[in-house]
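*Asks:* What follows is a predicted protein model with its sequence.
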Amino acid sequence: MKLAEFLIQGQQLRQQDRTSAIAYFEQCLQNTTTDANSVGEMGTKARVLLDLAVELIATKQPEQLQRAKVLVQQSGDILNQSLETSREQTAYLLYVRAILAMELGDLRDVLPTLQAAYEAYGNNQEGQALTDDAIGHYYIKINDYSSALISFERSLSVRLEANDASAIGKSYAHLGQLYLLSGELNQANSLFQNALDLAIDQSDNFLRLQALKGLGKIALAESQWQNAIALIKDTITLLKEPVDSIEIGYLYCDLAEALLGNRQTEESLICIRINVLPRFRDFQYGRGIAIAKHLRGRIYVHRLLEGLDSLDEDAIETAEDSLLDASIAFEQFGMMYDYAKTLYDLACLYQLCSSSQFQYQYQGKSLRSLELSLSVLDQLGLGNSYLASQVEVLLNQAMRGSF
């Protein structure tokens, strides 16, 4: 197969669903031969290996990530042996190495690798835009939102000039995610809606998925619970098991959040127990398990608040154990904002004990949790965030002994 033909077909399938794209790349891999003398065929095989690796990385599944490492190594070996490896091939190899390392949580060499990929792309602006997207997500991971904005806007500028509608929508989705994280919900909503319009116009299911996920997150942030429930359920229908299992698990986390906000506490807990934890545990996906345990702990706290559970030592310890497990995992994974949120939620749990016989047992724990949460937020440069203000209010109450 000629490389150009392969790239076109692969791009079309990527716009539909990941399951079809992976099946296509697997078939292409079987159809290529390792002992071919054709430089073109070896170049195509190297690209097939990398494109398949990209899709496997996106699944977030530990076994698939390990396979992706092997594929990237094989591609690198092929390109190293070739006397006619182009700068673009080298650039794409560097790009895939970087996004793999980022997904594995090894950020040490990600930025220099992506910068090397950007330089290697030379005059290939499409490749540079792709790399800028990854650089933007790297900066998001280290909470440098201003640098992320520069990268995403630079990528968008290139795509607007090329008038590539699907790629423009992709940039809108990246920027929407950034503004959502920054709390600028109106701007994020506009970007996700623009991305959705382009997705519908281009019949791009992958872009539609990203846009709907973003709109669902905005509905959650704005406490539009019923709208969020409808959006999340629509989004889930665009995904397929088992390739998208972890992404589906995340969406069910969002659904549980919306159900909790809508005072459907029992349905929220059932969602976590049936639709979230089994998926994450099947793939031993630690980050997801931590997020699910955090949410489950919050649900237990709500059950206490609503009188669904008696405020006794067993119920308190059940909620506390779930939140503590999540906080330990968040700290281990370097998910420090989630760590700070969980510490705050622990303090909210301890607050419930202020009018019970457990008041003095938990008051010290509350102070320590809040002080640590505030310290973590300060280290992240989020000392002026909404969460930090919530922590400060509860901390002042706790220091007065009134919670």
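*Replies:* Received, thanks. Treat the numbers as computed from the prediction; the structure is a model and nothing was measured. Numbering: from 1, shown residues only.
*Asks:* Show me the helices in the stretch 251-400 of the chain, by range?
*Replies:* Across the stretch 251-400 of the chain, reading from the start of the chain, the helices by DSSP state H, counting those that start in this stretch fall at 265-271, 277-282, 286-305, 313-333, 336-351, 359-379, 386-399.
*Asks:* To Asp17, which of these lies closest?
*Replies:* Relative to Asp17, the nearest member of the helices of the stretch 251-400 of the chain by C-beta to C-beta is helix 277-282, separated by 17.8 Å. C-beta: built from backbone N, CA, C; applies to glycine.
*Asks:* could the helices of the stretch 251-400 of the chain go into a markdown table alongside distance to Gly169 and mean pLDDT?
*Replies:* Written out in a markdown table, the entries for the helices of the stretch 251-400 of the chain read as follows (distance: least, C-beta to C-beta, whole Å; pLDDT from 0 to 100):
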| stretch | distance to Gly169 | mean pLDDT |
| --- | --- | --- |
| helix 265-271 | 30 | 97 |
| helix 277-282 | 28 | 97 |
| helix 286-305 | 27 | 96 |
| helix 313-333 | 30 | 95 |
| helix 336-351 | 27 | 95 |
| helix 359-379 | 33 | 88 |
| helix 386-399 | 29 | 90 |
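*Asks:* Turn these into TSV, including distance to Ala165 and mean neighbour count.
*Replies:* Conversion of the helices of the stretch 251-400 of the chain to TSV gives the following (distance: least, C-beta to C-beta, whole Å; neighbours: other C-beta atoms under 10 Å):
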stretch	distance to Ala165	mean neighbour count
helix 265-271	36	18
helix 277-282	33	18
helix 286-305	33	22
helix 313-333	36	18
helix 336-351	34	23
helix 359-379	39	18
helix 386-399	35	16
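*Asks:* name the helices or strands packed onto the helix or strand hosting Glu119?
*Replies:* Here Glu119 sits within helix 110-120, counting by DSSP states H and E. For helix 110-120, the helices and strands in contact under the criterion 3 or more C-beta pairs under 8 Å, 6 or more residues apart in numbering; DSSP states H and E are helix 87-104, helix 125-141.
*Asks:* Dump those helices to JSON lines, plus distance to Leu49, mean pLDDT and mean neighbour count.
*Replies:* Shown next, in JSON lines, are the helices and strands packed on helix 110-120 (distance: least, C-beta to C-beta, whole Å; pLDDT from 0 to 100; neighbours: other C-beta atoms under 10 Å):
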{"stretch": "helix 87-104", "distance to Leu49": "9", "mean pLDDT": "97", "mean neighbour count": "21"}
{"stretch": "helix 125-141", "distance to Leu49": "17", "mean pLDDT": "97", "mean neighbour count": "22"}
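*Asks:* ok so, going back, Ala68 is nearest to which of the helices of the stretch 251-400 of the chain?
*Replies:* In terms of C-beta to C-beta, the element of those nearest to Ala68 is helix 286-305, at 16.9 Å.
*Asks:* Tell me the helices and strands packed up against that closest one.
*Replies:* Taking 3+ C-beta pairs under 8 Å, 6+ apart as the contact cut, helix 286-305 packs with helix 245-261, helix 265-271, helix 277-282, helix 313-333, helix 336-351.
*Asks:* circling back: can you lay out the helices and strands packed on helix 110-120 as JSON lines showing distance to Ser151?
*Replies:* Written out in JSON lines, the entries for those read as follows (distance: least, C-beta to C-beta, whole Å):
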{"stretch": "helix 87-104", "distance to Ser151": "13"}
{"stretch": "helix 125-141", "distance to Ser151": "4"}
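*Asks:* one step back: could you dump the helices of the stretch 251-400 of the chain to TSV with distance to Asn124?
*Replies:* Converted to TSV, those look like this (distance: least, C-beta to C-beta, whole Å):
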stretch	distance to Asn124
helix 265-271	45
helix 277-282	38
helix 286-305	33
helix 313-333	35
helix 336-351	35
helix 359-379	38
helix 386-399	41
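*Asks:* which residue sits closest to Ser385, ignoring its sequence neighbours?
*Replies:* Leu377 (6.4 Å; C-beta to C-beta, 6 or more residues apart in numbering).
*Asks:* now swap in Glu153 and tell me
*Replies:* Computed as C-beta to C-beta, 6+ apart, the closest residue to Glu153 that is not its neighbour in sequence is Leu175, at 7.3 Å.
*Asks:* Then Tyr250?
*Replies:* Here the nearest residue to Tyr250 in space, its sequence neighbours aside, is Gly288; by C-beta to C-beta, 6+ apart that works out to 6.8 Å.
*Asks:* The one you found: what's it in contact with?
*Replies:* Ile246, Gly249, Tyr250, Cys253, Val276, Arg279, Phe280 (C-beta atoms under 8 Å, 6 or more residues apart in numbering).
*Asks:* Any chance of CSV for the helices and strands packed on helix 286-305, columns distance to Gln125?
*Replies:* Below are these laid out as CSV (distance: least, C-beta to C-beta, whole Å):
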stretch, distance to Gln125
helix 245-261, 29
helix 265-271, 44
helix 277-282, 38
helix 313-333, 35
helix 336-351, 33
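*Asks:* wait, which of these is closest to Asp109?
*Replies:* helix 313-333 (18.7 Å).
*Asks:* List of residues touching that closest one?
*Replies:* Helix 313-333 has contacts (C-beta under 8 Å, 6+ apart) with 105, 286-287, 289-291, 293-294, 296-298, 300-301, 303-304, 309, 335-336, 338-339, 342-343, 345-346, 349, 352-353, 358, 362.
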